[in-house]
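# With the input below, show me the fold.
(2 chains)
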Amino acid sequence: MWRFIAYRLLQAIPVILAVITVTFFLVRVAPGGPFDSEKAVVPEVKAALEAQYRLDQPLLTQYAAYLGDLAQGELGPSFKYPGRSVNELIAAGLPVTAELGLYALLVAMIIGGVAGIIASLKPNTAQDYLPMSAAMIGICMPSFLLGPLLVLVFGIYLDWLPVSGWGDIPGDKILPAITLGSTYAAYIARLSRAGMLEVMTQDYIRTARAKGLPEWQVVTRHALRGGLIPVVAFLGPAFAGLLSGSFVVETIFQIPGLGRFYVQAAFNRDYTMILGTTVFLSTLIVLFNLLSDILAAWMNPRLRTQFSEH
Amino acid sequence: MSLRRTALKLLPTLCLCVTLVACGSGESRVVQGNRNGILHYGNGTEPQGLDPHIVTGLPESHIVRALFEGLAVKNPFTLEPEPGVAQSWDISEDGRTVTFHLNPQARWSNGDTMTAHDYVWSWQRALNPAMGNQYAYMLYPIENAEAFATGKLQDFAEVGVKALDKHTLQVQLVTATPYFIQLMDHYSTFAVHRPTIEKFGQATDRFTPWTRVENIVGNGAFTLKEWKLNRRIRVEKSGTYWDRDRVKLNGVVFYPTENISSEERMFRVGQLHYTQTIPLDKIPVYRAMENSPYVNAPYLGTYYYLLNINEAPLQDVRVRRALSLAIDRERLNNTVLHAANVPAYGITPPGTLGYQPPKLFGHDVAAARQLLAEAGFPDGEGWPGLELTYNTSESHRKIAVALQQMWKDALNIEVTLSNQEWKVYLDSVDQMNFQMARRGWIGDYVDPNNFLDLFLCDGGNNNTGFCDPQYDDMITRQAPRAKSREERYAIFYAAETLLMEQMPFIPIYTYTSNHLIHPSVRDMPSNLMDSLNLKYVWLDQNWEGAQ
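Residues are numbered from 1 along each chain as shown, chains lettered A, B, ... in the order given. All right, here's what the predicted structure looks like:
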């Protein structure tokens, strides 16, 4: 197992290095620079700004310097927010995005898991079609539509929940979590239904029923663990996706997370911020994929043996 | 065991329901704010920073002008300058020497007295080329300031600014500059606290933490109390400000309201007193309301299309004029723009400190067709095609599509649309890599000069290829020498007439400011600069009775 983890971690290094290199050069190729603005910038001012950010040096020197800084954990100063480092901006946004992602995942697991299990118990009946149709709608409904709709109903018409913010007014975390989680809930519903359907036909389920256990005990004590393996495998990439894909929800609800920095950085040509967030998020994605593989192995003894043979 | 597991599963749902019920009827921020004298202000975006010599945007200016104050400030009702750090100023007969008399009561927020030396040091910092101050040109009317800022002059002692004594600052100008006092309210001319800046790095260092809550020292009506990135910035009434008795608010909270739909929703549920703008589609709804919080007022900005006059077919002035005459600006404004703006026929917004631009043309399809025929394209025959570039935005697209159709209907010509991402678009315009491109210009100070000098031969924002020595002479030599405002405006009028006859750009509309303002907010008048002076603002707890 440890050898497997070490092997996967080593594999990640060239992947991340490739991400850095491609991103570094791609952003430089894009037209427009960080200091372009609608009002013309005097050449002397532009030159002074470029010198302050080392942009006057040859590209390869800049690349080498960036790698050097990165090795020490320094992501450099932000172009858009003078006086703040990219490390600081990520540190400010990450806890918020992670918290939002976690709640969204929780919402997704509860709604999706329950819907999937209910559907799997009586396949091809109304009890199956109803939650699965709802799941399909969930997958199709983009968050920029669902978010404002929820706000309109629960925030404005019913006046039950705040329409924006994060941790400022009680209850302001509920709507963003539901909005972000709903798409993933739909995926989880479909995965858990498929997983459960497969497990429910296994011999040990028949044995459990034959022993006279009530159906809900058969499901919760015997079927769930096996039936939810596909869901667990999905959780790692899902969480990474939630972290890097929360931009729309963060914008709708004015949440001070990482997603807004990430997308705005690209629009602002904030080179260091684009690189910093990309490197950081790609590292996270690699790690979460690894984590979910390990978790899946822990839940499935057959896979565990395979890993040990690696 | 399983029961416990089920209970555990139900717990989050239960919590959700409890919270749902619990947070139903709370007091809104606006109600609380009215009671405590705290204004909740939608500020557009997260500010880049708070260093007056680094920042460039509007959201930044709102906060910086709460924390700092210039030598003179704008009266929000009249926009005329009134005393700030300087309690008075004298202007010499030839208009070239300005002497500011600083208020001896003016203090930094740490209690230090403000002196004329603070200004000499701060302006040296603002003009230092190493600083990369994008608004350094605000100080260019000062003798030798431009030479120093562009590195041609090394010795700051030769720049026309001197501290005669602790409270007297003398400024020598290149030429008489009637709007110079106005510039003292622009943040790039503000003084900064030298000991604080030097404590955290060199004077021109952009990466120091001197503007953080725990470090910053300002001289404005408010002091910084909290800065949570992308959440809010909270300022409180300053105890050291010289005119503190006039300040009625106890504090202001600025919110980065990037998404304008979310901002409008925040206003609706009482989270904001004031919104930075309003979604275009919501304007008719708010307009129809009784006691509407919607406030619409003329704004010092023009929306126009740049024409690259080096490119065919725009080399021909008849084609440029035909394109302009074919546009029905009234219809565009009443339909696409929900009558929220004002049709424009020149570059200078009407009423810029009393100046009225010439109106040389209107919507005239027959004349437009005639001009196009004379240029060799009768009824659009032989038209080589034309591309209109704009930066990606729904409202720019709507306008572009409407005009494309007007040109098709009136002149039978094809205009293709090309939308570009913001920085790509900026690059295209900067490199003159376009035929026709959208542009907007917002004035930095209230004076026709700020719009008319755009089209000087070497104007950094000209971007059309237009160059007329006669025009340059009027703007740079004749106008500054005028003896009276009337004479000066007459020269501007003649210059703008010349400009519009050549039509290097197509004016489309004059901007307006559009805000939602809660009825409890008092003394926050609309003005041409959309200039906010928080010193005047107060909140009326009994606003419902007053209505």
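
# Reduced to three states, what does the residue of the stretch 101-250 of chain A found nearest chain B come out as?
The stretch 101-250 of chain A approaches chain B most closely through residue A:171 (3.7 Å), counting by C-beta to the nearest C-beta. Bear in mind the C-beta positions are built from the backbone N, C-alpha and C, glycine included. Secondary structure, DSSP: H, G, I helix; E, B strand; the rest coil: residue A:171 is coil.

# tell me the helices in the stretch 251-400 of chain B, going along the chain?
B:260-268, B:283-287, B:317-325, B:329-335, B:365-374, B:394-411 (DSSP state H, counting those that start in this stretch).

# Could you look up the next helix or strand downstream of the lowest-mean-pLDDT helix or strand in chain B?
When each helix and strand of chain B is scored by mean pLDDT, DSSP states H and E, helix B:2-22 comes last, with a mean of 46. For helix B:2-22, the succeeding helix or strand toward the C-terminus, using DSSP states H and E, is helix B:29-36.

# can you tell me how far residue A:265 sits from residue B:525?
Residue A:265 is 37 Å from residue B:525, where distance means C-beta to C-beta, to the nearest Å.

# neighbour-wise, which of those two wins?
residue A:265 (25 against 15; other C-beta atoms under 10 Å in any protein chain shown).

# Not counting its neighbours along the chain, what's nearest that one?
Counting by C-beta to C-beta, 6 or more residues apart in numbering or on different chains, residue A:265 lies nearest to residue A:273, which is 3.7 Å off, once chain neighbours are set aside.

# Cross-check the contact I'm expecting between the one you found and residue A:85.
No. Counting by C-beta atoms under 8 Å, residue A:273 does not reach residue A:85; the two are 9.8 Å apart.

# shared neighbours, those two?
Taking C-beta atoms under 8 Å, 6 or more residues apart in numbering or on different chains as the contact rule, residue A:273 and residue A:85 both touch residue A:78.

# who has more neighbours, the two?
Each of residue A:273 and residue A:85 has its neighbours counted (other C-beta under 10 Å); residue A:273 has more, 28 against 18.

# Report the secondary structure state of the more buried one.
Criterion first, three-state DSSP; result for residue A:273: helix.

# OK, contacts around it?
A:78-80, A:86, A:89, A:261, A:265.

# could you measure the closest residue in space to residue A:256 that isn't next to it in sequence against residue B:252, distance?
In this structure, residue A:256 finds its nearest non-sequential neighbour in residue B:230, 3.3 Å apart by C-beta to C-beta, 6+ apart. Residue B:230 sits 18 Å away from residue B:252, taking C-beta to C-beta as the criterion.

# so which residue of the stretch 1-150 of chain A comes closest to chain B?
Counting by C-beta to the nearest C-beta, the stretch 1-150 of chain A gets nearest chain B through residue A:32, at 2.7 Å.

# Wait, a helix at that residue?
No. With three-state DSSP as the criterion, residue A:32 is located in coil rather than a helix.

# Quick one: low-confidence residue ranges for the stretch 201-310 of chain A.
A:301-310 (pLDDT under 70).

# Right, and chain B sits closest to which residue of it?
Counting by C-beta to the nearest C-beta, the stretch 201-310 of chain A gets nearest chain B through residue A:256, at 3.3 Å.

# neighbours around that residue, how many?
22.

# pretty sure it is in contact with residue B:228, am I right?
Yes. Using C-beta under 8 Å, residue A:256 makes contact with residue B:228 at a distance of 7.0 Å.

# who has more neighbours, residue B:230 and residue B:252?
Each of residue B:230 and residue B:252 has its neighbours counted (other C-beta under 10 Å); residue B:252 has more, 27 against 23.
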